[in-house]
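J.: the amino acid sequence is not available; the structure is as follows:
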């Protein structure tokens with residue numbers, strides 16, 4: 001009997017263990033299934049990035065929230081969680097139960113120090129799903145509350161503030177006038193002799209009193225950066241903490257500017273980013289202007305023929321102004337404000353110039369080397385070395401500081417007001433074209449205008465550079481090639497040129513000729529770079545780059561390359577007896593010469609210079625005359 005009782009007891013225990021294990025396994029499997037197939041789960045775990053002590057200023061009152069793994073103070077225990085993506089911790093919906101009612105809270109992760117919060121009203125019904133509860137906070141008009149970490153981790157300020165910014169300030173309620181003092185500034189620069197990382201996380205706001213604005217004041221505030229984020233509408237939010245303030249609602253501060261325009265900014269009055277609507281609407285309004293933080297005196301001069309205004313083809317839409325001692329480069333990006341960089345001549349030797357680089361937006365002074373080619377035509381060619389922190393000419397301008405790529409090329413500065421020069425190619429050609437952007441009929445109402453006095457029987461694509469305008473490349477996409485009975489070209493009444501390109505510079509590089517043309521009617525770029533080469537006596541190949549600089553791997557025989565080369569022309573000599581447009585060609589070997597000549601390819605025979613030929617003829621004439629006198 002005792003043995004049967006023991007056997008029954010052991011069987012019951014085994015059954016209970018099996019049932020408990022099965023139920024536990026079922027619950028775990030159900031949880032995993034919910035995580036994988038649904039965005040809602042009963043296993044509510046608040047992400048670790050959102051846990052901690054957080055301060056918020058709501059409705060004029062201080063609030064401190066303690067967020068733990070499964071609970072939030074004043075909201076209760078988290079019983080359900082909803083999110084759009086399993087890996088997404090930037091926005092989470094949590095359903096909290098405090099024992100009396102349930103609240104849906106949406107937490108937005110902005111930076112490691114900042115959260116934003118929306119919450120619904122507390123509902124007593126337990127039958128409402130989390131989806132229905134959270135519909136209330138999806139309304140756009142509902143205010144976002146800003147939560148600041150009470151144990152912040154300071155962030156690098158260089159993305160938000162870098163350099164020195166002078167600002168004019170005005171207040172929404174304090175005074176309506178604008179105080180624009182030259183020494184009111186935001187300073188975010190590193191100082192020598194202190195910890196670089198800590199100083200990189202700080203910036204200073206220096207306010208100066210304007211005598212014509214009564215409520216303006218003198219003050220200095222030191223801030224530490226807490227991070228930044230960009231909203232969907234393009235507003236950039238910068239969050240900082242005032243290191244000299246003890247009250248939390250004044251200690252935490254928000255700034256708002258635009259990603260595409262950072263010269264206007266607003267600053268919050270309290271620890272709430274929601275009170276700032278835009279870069280123009282806020283409690284304190286700032287108008288910023290970059291100023292230089294360092295000054296370097298020049299110690300050398302640039303060549304006199306470099307002075308002027310130039311277009312830098314190495315940077316898109318960049319303008320360079322050169323005087324005796326400075327180069328000032330202004331780059332205009334598609335979005336944002338123009339960027340200005342100063343280059344101060346510090347030391348030179350031969351064609352190499354060591355310059356001090358001063359950025360408007362930066363604090364440090366860097367040194368770099370320019371290697372210039374003597375100016376010719378309307379261009380300056382140069383190489384640019386890497387940056388160095390110290391101004392030692394032997395280190396900065398060593399040849400190893402330049403690009404050691406075997407396929408390197410000179411960068412080009414083109415004059416903003418170029419002067420046309422004689423083209424290196426002359427003659428009358430028919431051409432074939434290929435590439436991504438081909439030449440088309442550019443002018444004229446119709447493609448083939450009707451002339452009742454002449455019937456055009458033959459048309460060709462013609463390119464001509466003739467003695468009457470040797471500095472202009474003329475292209476007629478529908479040139480009437482009909483001749484009269486004397487084998488002369490007829491005067492077609494409605495002849496209109498489609499393209500006129502002015503030659504402004506040419507030279508030889510990597511055994512190929514390079515040519516720059518200028519066309520003010522070109523909608524993409526007024527400047528175009530060509531690579532040209534003569535294939536045979538009457539055939540020349542050219543390739544044009546997509547932008548205003550020739551590609552590193554561009555050759556005359558390419559029509560499509562990875563560098564967006566978009567046009568190739570193959571010119572074939574088409575001069576007739578009475579055209580008066582002889583073929584001439586310059587390979588670009590000496591761009592400082594003014595002579596344009598035809599290079600004749602001989603089969604090993606030496607070329608005889610013209611002056612020697614004239615001397616031999618003169619000598620023969622003298623001998624003939626002398627023999628006549630003797631006879």
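T.: Ah, there it is. Remember, predicted model here, so these are calculated numbers, not experimental data.

J.: residue contacts, the closest residue to residue 354 other than its chain neighbours?
T.: In space, residue 354 comes closest to residue 347 once its chain neighbours are excluded; the distance is 4.6 Å by CB to CB, 6 or more residues apart in numbering. In short, each C-beta sits where N, CA and C put it, glycine included. Taking CB atoms under 8 Å, 6 or more residues apart in numbering as the criterion, residue 347 is in contact with 299, 300, 353, 354, 391, 393.

J.: those residues in helices, which ones?
T.: Of the positions in those, residue 393 sit in helices, assigned by DSSP state H.

J.: how about the contacts of residue 347 in JSON lines, adding pLDDT and distance to residue 331?
T.: Converted to JSON lines, the contacts of residue 347 look like this (pLDDT from 0 to 100; distance: CB to CB, whole Å):
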{"residue": "299", "pLDDT": "93", "distance to residue 331": "26"}
{"residue": "300", "pLDDT": "94", "distance to residue 331": "25"}
{"residue": "353", "pLDDT": "96", "distance to residue 331": "21"}
{"residue": "354", "pLDDT": "96", "distance to residue 331": "22"}
{"residue": "391", "pLDDT": "89", "distance to residue 331": "24"}
{"residue": "393", "pLDDT": "94", "distance to residue 331": "27"}
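
J.: residue 442: which of the contacts of residue 347 is nearest?
T.: Lowest distance from residue 442 to the contacts of residue 347 (CB to CB) belongs to residue 353, with 42.3 Å.

J.: how near is that closest one to residue 316?
T.: 24 Å (CB to CB, to the nearest Å).

J.: between those two, which one's more packed in?
T.: residue 353 (25 against 14; other CB atoms under 10 Å).

J.: the closest residue to the more buried one other than its chain neighbours pairs with what?
T.: With CB to CB, 6+ apart as the criterion, residue 353 has its nearest non-adjacent residue at 4.8 Å, and that residue is residue 370. Judged by DSSP bridges, the bridge partners of residue 370 are residue 353, residue 384.

J.: return the residues in contact with residue 370.
T.: Taking CB under 8 Å, 6+ apart as the contact definition, residue 370 lies against 343, 352, 353, 355, 382, 383, 384, 385.

J.: of the residues you listed - the most surrounded one?
T.: For the contacts of residue 370, the largest number of neighbours (other CB under 10 Å) sits with residue 355, at 29 neighbours.

J.: wait, that one touches residue 341, no?
T.: No: distance between residue 355 and residue 341: 10.3 Å, which falls outside the contact criterion (CB atoms under 8 Å).

J.: of the contacts of residue 347, buried ones?
T.: The neighbour-count test (16 or more other CB atoms under 10 Å) marks 353, 354, 391, 393 as buried among those.

J.: determine which two of the residues you listed are furthest apart.
T.: Largest separation among the buried ones among the contacts of residue 347 by CB to CB: 353 and 391, giving 12.2 Å.

J.: and stretch 465-475, how far from the chain's centre?
T.: Here the centre of stretch 465-475 is set off from its chain's centre by 38 Å, with CA atoms, centre = their mean, to the nearest Å.

J.: average pLDDT for that stretch?
T.: Throughout stretch 465-475, pLDDT has a mean value of 92.

J.: pull out the buried positions in it.
T.: Of the residues in stretch 465-475, those buried by neighbour count under the rule 16+ other CB under 10 Å are 465, 466, 472, 473, 474, 475.

J.: now do the strands in the stretch 301-450 of the chain.
T.: With DSSP state E, counting those that start in this stretch as the definition, the stretch 301-450 of the chain shows strands at residue ranges 308-312, 318-322, 326-331, 339-349, 352-359, 365-376, 379-384, 411-415, 425-434.

J.: the fourth one pairs with which strands, parallel or anti?
T.: Strand pairing for strand 339-349, using DSSP bridges, gives strand 326-331 (antiparallel), strand 352-359 (antiparallel).

J.: chain center to that strand, what's the gap?
T.: When C-alpha coordinates are averaged (CA atoms, centre = their mean), strand 339-349 and its chain have centres 22 Å apart.

J.: now swap in stretch 411-422 and tell me
T.: Going by CA atoms, centre = their mean, where stretch 411-422 is centred and where its chain is centred differ by 25 Å.
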